[in-house]
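Engineer: starting from these lines, generate the structure:
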Amino acid sequence: MIAFSILLGAWAQTAGKPSKASVSAAARSDFGPVVNPTLAPYNARCDGPDDPNDYDALQAAINAAQNSSTPVLFIPNGANCVFNNTLSIAGNLTVLGATSQFGATMGSILTYTGTGDAIQVGSPGKYSYNVSFENLNFVATNGANSLIHFYGIDGPATVANNIFSGNWSGISALIYDAPAAGIQTVISNNYFQGFLGDEVILHGYDNVEIDANQFFAARGTGLYLSNPGVVEIHNNYFELMPTAIEVANDDENHFKVNIHDNKFRNSNYPGNGSDPTADPPFSPSQRCILVRSTSDNLPFYGEGAIRDNECTLSVLLSPGLIQGSATYGIEFATRSNRFYVNQTWEVENNAIDGITTAGIYSDNQKVVIHYRDDPAVKVWTPGSSAPVYLPSFQGPGRLNSPFPSE
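Structural biologist: Next up, the predicted model:
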């Protein structure tokens, strides 16, 4: 797959595996006296799936790191720490690996064998702050609800340079709940694959940047945003999922989302959508981006921009022969007639192909789409040697062109 080759090319490491002690010594010189759970007094074995449980040692190391002058928990390269209970982080902690790589014996690995949340940051009604996860390989093996669950962050939060593997067992990689306003949340350069639900879920988060991630092979969405504040989504890659990005209005909060310079390859392969015995049994692609209300009775306060994205939704029938597999590339399904003011979305210069009806669909006159320069939508039909061009826009929604500033 394209995503695998990109990731391996970017993150492949060829150096031999150093000892845990030598990695810890190197880490101390860069970060100060960090906490390594594989060393005394914690003595986590971190030997991989055959290890009975590293939970107690990991939680003790987390508690010590949070209260140290250098709040860093360091997982050395080659360690595979296995745990079956939820690890709790109150705040002010960096969980740092030496490297994140594919393979059961490579990278700094945290393997969760439980069914709840692998790591809980903060708690319901109690926010956390200054938390980051970097250079780690997270693995779910037994139906985990999530690998990291943030219960609100009242300060910077970073998730960067990690691998999240659901193994068609985990529901979600990241869940962000009940945040404080005005925070800085960064999700950057991670790889997500093999989850049964939505790979990343954000409920109500503000001041968020989601950049340069790869979202691969999910039965839900790659990225689900519920009542976001100001969110920037750019330079990400999405492949093999029904809907790549969903922006949902299920409260009365105003949100503004900027989605630009992303690549979507939501193609399905023959049999995966219709054969429930396929491994994994993907659902058919539906769209690249969905903006919707969850209720007819909720006011819709959302606005934003969708620019310079590449959206491909096609099925490979045989070598050199593809056809469209989804109705629309970008869909606005706002339902509600209750609007504070006309909500404006600027849609510009998106390349959409492989759809069956139209590039963009909008269902409501109150959502004003300022639309410009999007290439004509094309789709290949069986047996054809040239594409058929379809309408760029369809539906009862309101289309204005040019932009207001012109």
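
Engineer: where does the residue nearest to Tyr129 when sequence neighbours are not counted land in three-state SS?
Structural biologist: Leaving out its chain neighbours, the residue that sits closest to Tyr129 by CB to CB, 6 or more residues apart in numbering is Gly155, at 3.2 Å. (Each C-beta comes from the backbone N, C-alpha and C, glycine too.) Under DSSP: H, G, I helix; E, B strand; the rest coil, the three-state class of Gly155 is coil.

Engineer: distance of Gly155 from Gly91?
Structural biologist: 8 Å (CB to CB, to the nearest Å).

Engineer: mutual contacts of those two, please.
Structural biologist: Counting by CB atoms under 8 Å, 6 or more residues apart in numbering, the shared contacts of Gly155 and Gly91 are 128-131.

Engineer: mind giving me the packing neighbours of whichever strand or helix holds Thr344?
Structural biologist: Following DSSP states H and E, one finds Thr344 within strand 343-348. In this structure, strand 343-348 packs against strand 302-307, strand 367-372, with contacts taken as 3 or more CB pairs under 8 Å, 6 or more residues apart in numbering; DSSP states H and E.

Engineer: which one of those strands has the lowest average pLDDT?
Structural biologist: In terms of mean pLDDT, the lowest-scoring of the helices and strands packed on strand 343-348 is strand 367-372 (a mean of 66).

Engineer: re earlier: how many residues are close by the residue nearest to Tyr129?
Structural biologist: Neighbours of Gly155 under the rule other CB atoms under 10 Å: 16.

Engineer: doesn't Ile62 fall inside a helix?
Structural biologist: Yes: assessed with three-state DSSP, Ile62 lies in a helix.

Engineer: wait, doesn't it sit right on Leu87?
Structural biologist: Yes: look at Ile62 against Leu87 with CB atoms under 8 Å: they come within range, at 6.3 Å.

Engineer: show the contacting residues for Asn85.
Structural biologist: Asn85 neighbours (CB under 8 Å, 6+ apart): 53, 55, 114.

Engineer: pLDDT below threshold where in the stretch 201-350 of the chain?
Structural biologist: 251-253, 267-284, 296, 298-299, 314-325, 335-342 (pLDDT under 70).

Engineer: kindly report the same for the stretch 1-150 of the chain.
Structural biologist: 1-32, 51, 100-106.

Engineer: now do the helices in it.
Structural biologist: 2-11, 20-31, 55-66 (DSSP state H, counting those that start in this stretch).
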